[in-house]
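Enquirer: Model the following, please.
(3 chains)
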Amino acid sequence: MHNHPVYTDNDPQTEYSTLNLGPTHPATHGVFQNVLQMDGERIVSGVSTIGYIHRAFEKIAEHRPYYQITPLTDRLNYCSSPINNMGWHMTVEKLLGITMPKRVDYMRVIIMELARITDHIVCNSILGVDTGALTGFTYMMQYREAVYEIYEEICGSRLTTNIGRIGGFERNFNKIAFDKIRNFLKIFHVGLKEFESLFNRNRIFVDRTRGVAEVTAEAALSYSWTGPILRATGVDYDVRAMEPYSSYEDFDFEIPVGDNGDVYARFLVRNEEMWQSMRIIEQALTKLEKEPSDIFHADVPAFYLPPKEEVYNNMEALIYHFKIVMGEVETPTAEVYHAVEGANGELGFYLINDGGRSPYRLHFRRPSFINYQMYAPMSQGMLLSDAIINMSSLNVIAGELDA
Amino acid sequence: MGKIANEVLIKKLADKFPGQITESNQDYGLLSVETSREQITGVLSYLKTDSELKFTFLTDITSVHYPEQEKQIGVIYHLHSLTTNTRIRVKVFLSADDVHIPTATTLWDGANWMERETFDFYGVIFDGHPDLRRILNVDDMTVFPMRKEFPLEDPNRIDKKDYFFGR
Amino acid sequence: MSDIQIVEAPAGVEGSGFFATSLDKAIGMARANSLWPLPFATSCCGIEFMATMASTYDLSRFGAERLSFSPRQADLLMVMGTISKKMGPVLRQVYLQMAEPRWVMAVGACASSGGIFDTYSVLQGIDEIIPVDVYVPGCPPRPEGIIDGFMAIQKLVRTESLRRREEPQYQELLAKYGIQ
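Expert: Modelled structure (predicted):
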């Protein structure tokens, strides 16, 4: 953090002014309120208020059957909904003891890594906007649209995807989807390179971001940070590598780390993660070719919703459909914690099941919520303009923050 | 360093806190232990500072409500030892008329908001917390909404009357 | 090649060297094509609005590239995303600060009706606290949907009589929401 001199209360010349930043301030990209004590342009102290879009996910989840919770997870971190969807599906599969065919795992990996790319695109290009460069944003949004087209091909929706089901996917990827994924990799290689050459050594951008909001690894760990911002401080904690889920152990990828945890390091870590995500997707596409091409869900009729034509023509499928929809499926009484590497950090699902129709208790460990609490303490002594780019590089998503 | 086996963990905890730790379950390989609120600070700081265990990372603090139990409110800590890649879950149960528990903010800065969230939803009072206020809900709310007796739906809504849906 | 299109002139009398129309129509046309939206973006729909503003969909084609984050200069309040009860008073304050004539667009299921979040903490539609002109359904609506809603607003603006805001019906409407 900065060591600029800050006037103390004893200074007779000092009069602090109070600045209310948010909850609808355009520079905050969401509904965050910070009441700051300002000494000129410098922040003396700040208090964060959150909860402006608190929607009571956890309470709703206690009243919904398992498959109806997927749409809720969409709306946690809506910049990378598929990761939340898959995380939830994997939690339930862990509870039920379902093992997935490799092909489904690889399909999930593709979708999750695409989601990570879109999230990092938004974060890094908005960081450019906040430092005064709109160009990166307007160019990078094209690639996000390209990913949205892939989602549309697979599940029909753009943002809140509700992609996949407990036990696999609702339908197989078609040829167009694969073509679009391959095409995306091709164009994004070029696009990301362009983006990097626009920013990485840009004098203005580097001056604005380097040394801003430096965080030590100790402080980051004490505040339970996870995700790219933790890795920017030099800690190589990534759930994908530590506790591989969805066959991440089959992939060859690197976990980029930064050195001093400043805004510039976070920017570089996110950029590098996009490269690594592309590497993973490429490997997954190769691996998929070796798998039987008609498997897209596990063979668990008791938990996987059967296709509609079978429901209408097949007695067994009808019974399963009825049981799943009415919540008559037998589930073990147990508690399970499952974590996935969301775009912002460790996204954990803590589920207590009592064998009933819906979870007895479902708690989301939301990385944005936990990462954001350091914001006010770390803003002390910072320039207001630095605090703004610090916020945008923390990539706090309001839906995930407030649940 | 490899993952610490659950048996080793239980043994170490039992040696350190004899009779104070009970194992609740080992669902899916994750050890859950239960302790009392008198011991919780000791247990957490032992787990954090012990040179072999090193549960230095606080993953989460949350709570759960079992209205039919004698001790209704459970406070649940998830810790993670990044060096050995081991997780542990620590639970403390409190009775509904005395929901006091010592704070964990003395051990982790990150516990601050997690405890505020737990207070906001379940009314658990963390003694020694620097700033125990509501965090997500409006300040003038009088109930703790995640407790089981609190209804989910908005009571002001008029277009969901029973006669529209026959329920 | 240039495919710039110019807004069609309103109906009027045209002769050599002159064009006559009513003041209502001329002002309506000008207003409709230079709306300054105030994006009150709280959650998911805000991200779709970002896509609407960005290169592929490009809302500036409709004369609305100038986002006015200050309510004083804004014509159109676009409420995108869930409004919780904690946020309600803020939204109302923003609406009160806007100068007449002002229009309101509720984008997405949450702003229109509370959406899937029928819970103790979520306002069940912003029309409980402020009057709304256009509702855009969807969770979230696609950018095409938002643009469609925006064009519906443009149509309202274009055809609105200049005296509408002084009429007793309008005052009654505001009074219903406790706004003077």
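
Enquirer: C-alpha only now, for contacts and for neighbours.
Expert: Fine.

Enquirer: Quick check on residue B:74: phi, psi?
Expert: Backbone torsions of residue B:74, given as degrees, to the nearest 10, read phi -110, psi 130.

Enquirer: hang on, it packs against residue B:91?
Expert: Yes: at 6.5 Å, residue B:74 and residue B:91 qualify as touching, with contact defined as Cα atoms under 8 Å.

Enquirer: Who has more neighbours out of those two?
Expert: Taking other Cα atoms under 10 Å in any protein chain shown, residue B:74 and residue B:91 do not tie; residue B:91 has more neighbours (25 against 21).

Enquirer: element containing that one?
Expert: Assigned by DSSP states H and E, residue B:91 belongs to strand B:86-94.

Enquirer: what's that strand in contact with?
Expert: Defining contact as Cα atoms under 8 Å, 6 or more residues apart in numbering or on different chains, one finds that strand B:86-94 is touched by B:3-4, B:30-37, B:40, B:55, B:71-81, B:100.

Enquirer: Looking at those, which are in helices?
Expert: Counting by DSSP state H, the contacts of strand B:86-94 place residue B:40 in helices.

Enquirer: Could you tell me which of the contacts of strand B:86-94 count as buried?
Expert: Taking 16 or more other Cα atoms under 10 Å in any protein chain shown as the criterion, what is buried in the contacts of strand B:86-94 is B:30-37, B:40, B:55, B:71-81.

Enquirer: when you check chain A, which of these turn up near it?
Expert: Among those, not one lies near chain A by Cα under 8 Å from any Cα of the partner chain.

Enquirer: tell me the contacts of residue C:84?
Expert: Neighbouring residues of residue C:84 by Cα under 8 Å, 6+ apart: A:52-55, C:121-123.

Enquirer: what's the answer for residue C:72, then?
Expert: For residue C:72, the contacting residues are C:97-99, by Cα under 8 Å, 6+ apart.

Enquirer: Quick one: which of these is the most crowded by neighbours?
Expert: residue C:98 (19 neighbours).

Enquirer: Just the pLDDT for that one.
Expert: Reading off the confidence values, residue C:98 has pLDDT 92.

Enquirer: and the contacts of residue C:72, which of them are in helices?
Expert: If you go by DSSP H, the contacts of residue C:72 have residue C:97 in helices.

Enquirer: so, if you compare the contacts of residue C:72, which one comes nearest to chain A?
Expert: Ranked by distance to chain A (Cα to the nearest Cα), the contacts of residue C:72 are led by residue C:97 at 13.6 Å.

Enquirer: Was I right to think that closest one contacts residue C:71?
Expert: Yes: with contact defined as Cα under 8 Å, residue C:97 counts as touching residue C:71 (5.9 Å).

Enquirer: residue ranges for the helices of chain C, please.
Expert: C:23-32, C:44-53, C:88-97, C:108-113, C:143-159, C:168-176.

Enquirer: Could you list the low-pLDDT ranges of chain C?
Expert: Within chain C, the stretches falling below the threshold (pLDDT under 70) are C:1.

Enquirer: In TSV, list the contacts of residue C:72 along with distance to residue A:369.
Expert: Compiled in TSV, the contacts of residue C:72 are given as follows (distance: Cα to Cα, whole Å):
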residue	distance to residue A:369
C:97	31
C:98	32
C:99	36
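
Enquirer: ok, the contacts of residue C:72 vs residue A:107, which is closest?
Expert: Nearest to residue A:107 among these is residue C:98, at 48.8 Å by Cα to Cα.

Enquirer: Just to check, that closest one is in contact with residue C:91?
Expert: No: counting by Cα under 8 Å, residue C:98 stays clear of residue C:91, with 11.0 Å between them.

Enquirer: just the helices of chain C: most buried one?
Expert: Of all those, helix C:108-113 has the most neighbours on average by mean count of other Cα atoms under 10 Å in any protein chain shown, namely a mean of 26.
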